[in-house]
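Asker: no sequence for this one, just the structure:
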């Protein structure tokens, strides 16, 4: 593989770190007080799920999220932080990539009517797949430093 400036493994690491920064920005701009104290994030998602064209989304949201809105709010917000930190530092990278892919697919499914959200989540999912299959933890990562996942 020929590349400019960096080698292939380094460019994949750049992609991984960029995805991590994207997750950190998603966490940073969330109104955590609104999510945790007023339930704004889950209420917004409930409105979307309630009008969703797929019954499985409405049913799943009703059975899984609605009974525990505060817990799910914390899980979503801190999952984004953990994903960002894991990908930027390259710590437990394959776990973060798979978890991020699953979260993006969940967001993509929930937001099936919103083209802007679909684009963002589709691109983040694609980056996760490329980084996973290219083993993006080989360079510039704590995983490489500790000899994990080699």
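Answerer: Ah, there it is. Being a predicted model, the structure only gives us computed values, none of them experimental.
Asker: what residues are up against the residue lying closest to residue 107 once chain neighbours are set aside?
Answerer: Using C-beta to C-beta, 6 or more residues apart in numbering and skipping the chain neighbours, the partner closest in space to residue 107 is residue 121 (4.7 Å). Bear in mind the C-beta positions are built from the backbone N, C-alpha and C, glycine included. Residue 121 is in contact with 104-105, 107-108, 111, counting by C-beta atoms under 8 Å, 6 or more residues apart in numbering.
Asker: which secondary structure element contains residue 121?
Answerer: Secondary structure from DSSP states H and E places residue 121 in helix 115-133.
Asker: That helix: which residues count as buried?
Answerer: 120-121, 124-125, 127-128, 131-132 (16 or more other C-beta atoms under 10 Å).
Asker: Now do the strands in this protein.
Answerer: For the chain, strands defined by DSSP state E do not occur.
Asker: Give the residue spans of it that score low on pLDDT.
Answerer: The chain contains no residues with pLDDT under 70.
Asker: can you list contacts of stretch 48-67?
Answerer: Stretch 48-67 is contacted by residues 42, 45-46, 72, 109-113 when judged by C-beta under 8 Å, 6+ apart.
Asker: how far does that stretch stretch from start to finish?
Answerer: Taking C-alpha to C-alpha, to the nearest Å, the first and last residues of stretch 48-67 lie 17 Å apart.
Asker: Now do the contacts for the residue nearest the centre of the chain.
Answerer: The C-alpha lying nearest the average C-alpha coordinate of the chain belongs to residue 100 (C-alpha atoms, centre = their mean; 3.5 Å). If a contact means C-beta under 8 Å, 6+ apart, then residue 100 has 19, 23, 83, 87, 124, 128 as its contacts.
Asker: quick one: the last one and residue 146, what's the gap?
Answerer: This means residue 128. Distance, residue 128 to residue 146, by C-beta to C-beta, to the nearest Å: 22 Å.
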